[in-house]
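# Here's my sequence, what's the structure:
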Amino acid sequence: MISQPLTFTNLSTHYVKPQYRIFVSGSHAAGLTLNDVLYEVYAIPAASSPRQLWDAMKLYADSRNFAYFAGDATLRLGFEAEIVGSSLPSAPEVVEDISEFLDKIKVPSASHAVGEVPFEQIPSQVDCLVVGAGITGLLVAQELMDLGKEVLLVEKSDDVGGVWRHQANKTSRVNTSEPAYRLLSKARPNMDHTPTAQIMDDVRSLADRLSQKVMFRFQTTVTRVEENMNIQFTDDRSSEIGSLRANRVFMCVNRRLGNVRRLEFSNEAKFKGEIFYGVENDTRSMQWKDKHILIVGAGAFATENARTALELGAKKVTVLSRRRGSVCPLIVDYLNFIRPYDAQFAHDRAGSNKIFHKWRRAFKDCKVTEPECWQEGLMSPKGHTISVSDSWFVGHYYGLLETQLGEIQDVSDTHVTTTNGLRIDCDVIVKCTGFEKNHAIKDILGESRTHENNVVRQNTMYIAEAILDNIMGYKTPFGSSYVESVKLQLQAIREAVKEDRALMPDGEGIDMSDSLVSKAVDYIAADLTKNPERQLTAQKHVLERTLNYHRRFGPADFVAENKAEWLRLVRLFKARNPSVPDPPYPFEGMIESLAEEWTNPSLPVGNLPSLRGDAEVHRNMASWIKSCLTPSSESFSSSSESFSASIAPN
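The predicted structure is shown next:
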């Protein structure tokens, strides 16, 4: 990020690459991305003319190998040019009024953009009440709307988006690869591991679609949901209290991300640098370049802030935590979704072992210390997700990133001392200390427990992300994607609502604040086994998602993209440690070694025969498999019959 005005100065000394795309966001900021990672540039309004603004944007982007990307507003500007030396084109028409536009544009809050029902017009009786306008609430409301139900959606804040709107940073990205975190079907899909701006674009588009039939009410807090389905709420603008009755209630309020967990270290006031929490955009004005960054914590936000710091020029990043978290490369997440499944949604065990071996080898080759939980047979520490980042590996390799175990014992003016005697010099401390659990839901519902199918009591559901525990060996149709898990839950809602059945509790009673992923997975597996039609529907959904992966990037395309990303990171980080030789791409041959899985008839969800629904995907995969499995290889001879059958014409 930059804090000084960008100007036209020295533009003639830069070579500006062709085919830039510029997308301007609101609040006097331009959205720029470093390999799909969104940042904000604040000084652009200092430009005195549209032309100067345009040139400053190009200069800043080119000098850092940026590609222009979408901001969080609606103006989309296209420009193609090639500038060498002092050859400068005239300002294109599409940006002639860009400065004036930036002065005027206001990204409206959802309460104005969506079309809100006035407080006094909230009905006294509705069919379905949805509480929470995050991704979960919007998807639930969409399903109910499509089933023809009357829906009132109530949101405590003044905007849609939930966690993505309120806790995420501009630099946040989805931990899951794009086809498995897809809210809308679009001609041009979002970036892989989608950044906040695109997620919010999709959230607003979805809310806009819903507003044609769904009643929205913002800045309204539901305070009580009684067992008799009487609901009490408060208008946070006027403090007026209201009530209504609903036939079904869906509480879509986050379980894991309540308030930020605030803490203060001993003698923290002595620190001469800057201190942040690394959430809610609190680092937006900070200069990362040439700084020593200390990140406290080992969760997803710690990994995100480490990536942001590295890609924005930090000299050194140290991640300090009581236990190391698990970070996987992008290719491992991709394989988690595109590999074929058996009927119970498990991958081939031998293939999974190959992947883990390569993953573990990448840790060693890139000088990354393994998380201690691996020695305990756990893929990640309890309560932690597996973060996804290639920067984590390349940053370690070049000595720009390190992890240390311990806790801060004392803070000095320029460094911290840990409980195990380490001194860590730093200019910035980022406290990625997590969030408090959301216990308020218990008071609202008057219950402390829910059930494994997320039904608290008859016709009242609490749908929220489960608490992460041991994810080793999970057999799930949704993998690591929360969006996919919500879509699976919608299947059960759809069945009950279409048949006008009551939503009834099922499974064990569990603490509402501590619903574990492992329990949810076990319940889903048992439920699908008991309900063959539901299992078949889930298989069809997973197959369509798999096809979307192939349409977006088949194995060969993904490897090419991933190698290019790896090389980009190498070039970016090597500039800060040029004496270190380039690392080899650590995943060479990884996907190719799994090619035989797609010929395996015991993996019917996503194997080659199952891909026939898309002729182009089937043809491309058949060709790729054939290139991987040569007739002389042992693997090919053992599967030649099934492979030949799978590529035979319909």
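
# Would you tell me which strand is longest in this structure?
strand 241-251 (DSSP state E).

# Next one: the nearest residue to T283 once chain neighbours are set aside relative to L263, how far apart?
Computed as Cβ to Cβ, 6 or more residues apart in numbering, the closest residue to T283 that is not its neighbour in sequence is F276, at 4.8 Å. Placement of C-beta: from N, CA and C, glycine included. Distance, F276 to L263, using Cβ to Cβ, to the nearest Å: 13 Å.

# Comparing those two, which residue is more hemmed in?
Taking other Cβ atoms under 10 Å, F276 and L263 do not tie; F276 has more neighbours (20 against 11).

# show me the contacts for that one.
Going by Cβ atoms under 8 Å, 6 or more residues apart in numbering, F276 touches D282, T283, M286, V428, I429, V430, K431.

# thought the second one was touching N169?
So that's T283. Yes. Counting by Cβ atoms under 8 Å, T283 does reach N169; the two are 7.0 Å apart.

# which neighbours do those two share?
Contact criterion Cβ under 8 Å, 6+ apart; residues shared by T283 and N169: T308.

# Look at these two and report which has more neighbours.
T283 (24 against 21).

# hmm, back to that, from the chain's centre, how far out does the longest strand of the chain sit?
Centroid separation between strand 241-251 and its chain, computed with Cα atoms, centre = their mean, to the nearest Å, is 31 Å.

# what does stretch 572-590 give?
For stretch 572-590, the distance to the chain centre is 26 Å (Cα atoms, centre = their mean).

# Residues contacting that stretch, please?
Residues outside stretch 572-590 that contact it (Cβ under 8 Å, 6+ apart): 65, 310-311, 313, 315, 329, 331, 335, 354-355, 358, 361-362, 365-366, 393-395, 397-400, 559, 562-563, 566, 570.

# which is the next helix or strand following the strand or helix carrying L152?
Here L152 is covered by strand 151-154, with elements defined by DSSP states H and E. Going down the chain from strand 151-154, the next helix or strand is helix 163-166, by DSSP H and E.

# Packing partners of that following helix?
helix 196-210 (3 or more Cβ pairs under 8 Å, 6 or more residues apart in numbering; DSSP states H and E).

# Buried ones in the helix it packs on, by neighbour count?
For helix 196-210, the neighbour count (16 or more other Cβ atoms under 10 Å) marks T196, A197, Q198, I199, M200, D201, D202, V203, R204, L206, A207, L210 as buried.

# do the same with stretch 357-369
Going by neighbour count (16+ other Cβ under 10 Å), the buried part of stretch 357-369 is K358, W359, A362, F363, C366, V368.

# Serialize those residues to TSV and add fields for distance to K530, pLDDT and secondary structure.
TSV is the format used below for the buried residues of stretch 357-369 (distance: Cβ to Cβ, whole Å; pLDDT from 0 to 100; DSSP: H, G, I helix; E, B strand; the rest coil):
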residue	distance to K530	pLDDT	secondary structure
K358	37	95	helix
W359	35	95	helix
A362	40	96	helix
F363	40	96	helix
C366	45	96	coil
V368	43	96	coil
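
# And these, which is closest to W374?
F363 (9.1 Å; Cβ to Cβ).

# Now for the closest one: which residues touch it?
Neighbour list for F363: T369, E370, F393 [criterion: Cβ under 8 Å, 6+ apart].

# Make a markdown table from those and add secondary structure to it.
What follows is those, written out as a markdown table (DSSP: H, G, I helix; E, B strand; the rest coil):
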| residue | secondary structure |
| --- | --- |
| T369 | coil |
| E370 | coil |
| F393 | helix |
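
# burial count for the closest residue to R324 other than its chain neighbours?
Leaving out its chain neighbours, the residue that sits closest to R324 by Cβ to Cβ, 6+ apart is P371, at 4.1 Å. Applying other Cβ under 10 Å, we find 23 other residues in the vicinity of P371.

# right, and P371 touches R322 too?
No. P371 is beyond contact range of R322, at 11.7 Å (criterion: Cβ under 8 Å).

# how's this protein carved up into domains?
As assigned by automatic domain parsing, the chain contains the domains 11-104, 111-258+437-469+482-515.

# sec struct for the nearest residue to K358 once chain neighbours are set aside, please.
Excluding the flanking residues, the one nearest K358 by Cβ to Cβ, 6+ apart is M590, at 5.0 Å. Taken by three-state DSSP, the conformation at M590 corresponds to coil.

# what's the pLDDT at M590?
M590 is assigned a predicted lDDT (pLDDT) of 95.

# Just read off the phi/psi values of it.
Torsion angles at M590 (phi, psi; degrees, to the nearest 10) stand at phi -70, psi -50.

# Number of residues surrounding it?
Number of residues near M590 (other Cβ under 10 Å) recorded here: 23.

# next one: M191
For M191, using other Cβ under 10 Å, the count is 18.

# and the gap between it and P581?
In terms of Cβ to Cβ, M191 sits 31 Å off from P581.

# and the closest residue in space to S391 that isn't next to it in sequence, helix, strand or coil?
Spatially, and ignoring its direct neighbours in sequence, S391 is nearest to R307 (4.4 Å; Cβ to Cβ, 6+ apart). Taken by three-state DSSP, the conformation at R307 corresponds to helix.
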